[in-house]
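Enquirer: Give me the fold of what follows.
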Amino acid sequence: MMKKNIYGLIISILSSIGILSINGVNFSALFIIITIWIVYIYIILRKVEKITTSKIVKIISKTYKSLVVILFISLILIEGMIVINMNQLKEVKDIEKLNNVIVLGAGLDGYNVGKTLKSRLDKAIEYYKLNEDANIIVSGGQEEDELISEAEAMYRYLIENGVEKEKIIKEDKATTTLENIIYSKEVLKNLNHEGEKVLIVTNEFHITRAMIIANLLGVKNEGLSSETPLKIRVNYLIREYPTMVIDIVRAGYYSVFQ
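Expert: Numbering: from 1, shown residues only. Take a look at the predicted model:
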């Protein structure tokens, strides 16, 4: 048994090194590596539980195994929900005319919008061309490594692409998805549009989380998503699992205590 454990340890180490060398350090790679080690520890504890007489060790082993089962079941459920929702969203032409659109921020390329954010804005422009009465709330603050706020970069891009500046409202404080919705809700209140349904625009991997947060905060919403290249989408879909759990808890707390 000792040899098998050593072989398992070596395989886990080599697999981790191989994944990092192929994919580099990104969320998907780290998630896969963590999963490998969770499974390895799970196997070791099962073996230890069979030969030990210690009640404490058995309790630790059973608790760990239960947590692993919960982890993987929740992972499957959440990722499944995201994928199903992605395939049920309406096309631009099928969305009703709404008074307000919220475009969620993403990373910048210097003073310009990055590829991910550009795809969101292009989708919002597509909707705007069918409903030029809609306000477009661009939501995104300035991260430490950004030269300007995401809202400002989005504002400039929309104007360059034919959107009337009077129809664009900048929300430049938010640095998280939860804050995107919180501060955009304040904008809606200032517009006397609180309680109205809004259109939330973001990428397909992100739309489910954004819509759930909005629902928890009492913002009626419709979702419109832009597409992401497959390789990037897989990385972000994996990342959505922990961020979804964290944001749901945070949004629930905020809705109750704020």
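Enquirer: can you map out the strands along the stretch 51-200 of the chain?
Expert: Counting by DSSP state E, counting those that start in this stretch, the stretch 51-200 of the chain has strands at residues 100-104, 108-109, 112-113, 135-139, 168-171, 198-203.
Enquirer: which other helices and strands contact the longest one?
Expert: If I follow you right, that is strand 198-203. If you count contacts as 3 or more CB pairs under 8 Å, 6 or more residues apart in numbering; DSSP states H and E, strand 198-203 packs onto strand 100-104, helix 115-128, helix 207-216, strand 221-226. The C-beta positions use only the backbone N, C-alpha and C, and glycine is treated the same way.
Enquirer: Direction included, what does it pair up with?
Expert: strand 100-104 (parallel), strand 221-226 (parallel) (DSSP bridges).
Enquirer: Can you give me the buried ones in the last one?
Expert: Going back to what we said before, that points to strand 221-226. Buried positions in strand 221-226, judged by neighbour count with 16 or more other CB atoms under 10 Å: 221-226.
Enquirer: Serialize those residues to TSV and add fields for pLDDT and distance to A214.
Expert: TSV is the format used below for the buried residues of strand 221-226 (pLDDT from 0 to 100; distance: CB to CB, whole Å):
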residue	pLDDT	distance to A214
N221	94	4
E222	92	10
G223	92	9
L224	93	13
S225	90	14
S226	88	18
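Enquirer: quick one, helices of the stretch 51-200 of the chain?
Expert: 55-86, 115-128, 150-160, 177-190 (DSSP state H, counting those that start in this stretch).
Enquirer: To L45, which of these lies closest?
Expert: When these are compared by CB to CB, helix 55-86 sits nearest L45, at 4.2 Å.
Enquirer: and the closest one, what other elements does it pack with?
Expert: Under the contact rule (3+ CB pairs under 8 Å, 6+ apart), helix 55-86 is packed against helix 27-51, helix 207-216, helix 230-257.
Enquirer: Out of those helices, indicate the one that is most buried.
Expert: Comparing the helices and strands packed on helix 55-86 by mean neighbour count (mean count of other CB atoms under 10 Å), helix 207-216 comes out on top with a mean of 22.
Enquirer: what residues does that one touch?
Expert: 81-82, 85-86, 89, 104, 177-178, 180-181, 198, 200, 202, 220-221, 223-225, 240, 243-244, 247-248, 251-252, 255 (CB atoms under 8 Å, 6 or more residues apart in numbering).
Enquirer: Check the burial of V57 by counting its neighbours.
Expert: Residues within reach of V57, counting by other CB atoms under 10 Å, total 14.
Enquirer: thinking again about what came up before, same list, the helices of the stretch 51-200 of the chain, but as CSV with mean pLDDT please.
Expert: Below are the helices of the stretch 51-200 of the chain laid out as CSV (pLDDT from 0 to 100):
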stretch, mean pLDDT
helix 55-86, 86
helix 115-128, 94
helix 150-160, 94
helix 177-190, 94
